[in-house]
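J.: compute the structure for the input listed below.
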Amino acid sequence: MIRVLASRWQGSVLVCGKCSKKLDGGFGEKGRTPLVKLLRQALGVKKGRKSDRGVVEVKCLGVCPKNAVVMVDGARPERWMLVPAGADTEEVVATLSEPASVP
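T.: Below is the predicted model of the structure:
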């Protein structure tokens, strides 16, 4: 029997963990913060299913760029983004689509 759990997620962001590990962080003021952590802070992501949006670090997306991290916006899976190390957090968040508003 398959159980279904409801979540409040209106969207999700997948971030390649292998790319993040290769950069040893690569983001933030000192360049040591992982992209996943910065996105969670910038989007105000809460824990688990209670958030508006999920930011999930996945094993490997198979693109493997140099000095960048691969990121996929779940609302637009046809667009994979290569985020260069040290990219501005506000610019990265601006490239993500807005979560759908709930009436």
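
J.: end to end, how far does stretch 46-62 reach?
T.: Stretch 46-62 has an end-to-end distance of 28 Å (C-alpha to C-alpha, to the nearest Å).

J.: and the strand or helix carrying residue 42, what does it pack onto?
T.: If you go by DSSP states H and E, residue 42 is part of helix 35-43. Counting contacts by 3 or more C-beta pairs under 8 Å, 6 or more residues apart in numbering; DSSP states H and E, helix 35-43 packs against strand 11-16, helix 17-23, strand 53-58, helix 89-95. Bear in mind the C-beta positions are built from the backbone N, C-alpha and C, glycine included.

J.: tell me which of the ones you listed is the most buried.
T.: Neighbour counts (mean count of other C-beta atoms under 10 Å) averaged over each of those peak at strand 11-16, with a mean of 22.

J.: residue nearest the centroid of this protein?
T.: With distances taken as C-alpha atoms, centre = their mean, residue 13 lies nearest the centre of the chain, 4.0 Å away.

J.: quickly list what that one is bridged to.
T.: residue 55, residue 73 (DSSP bridges).
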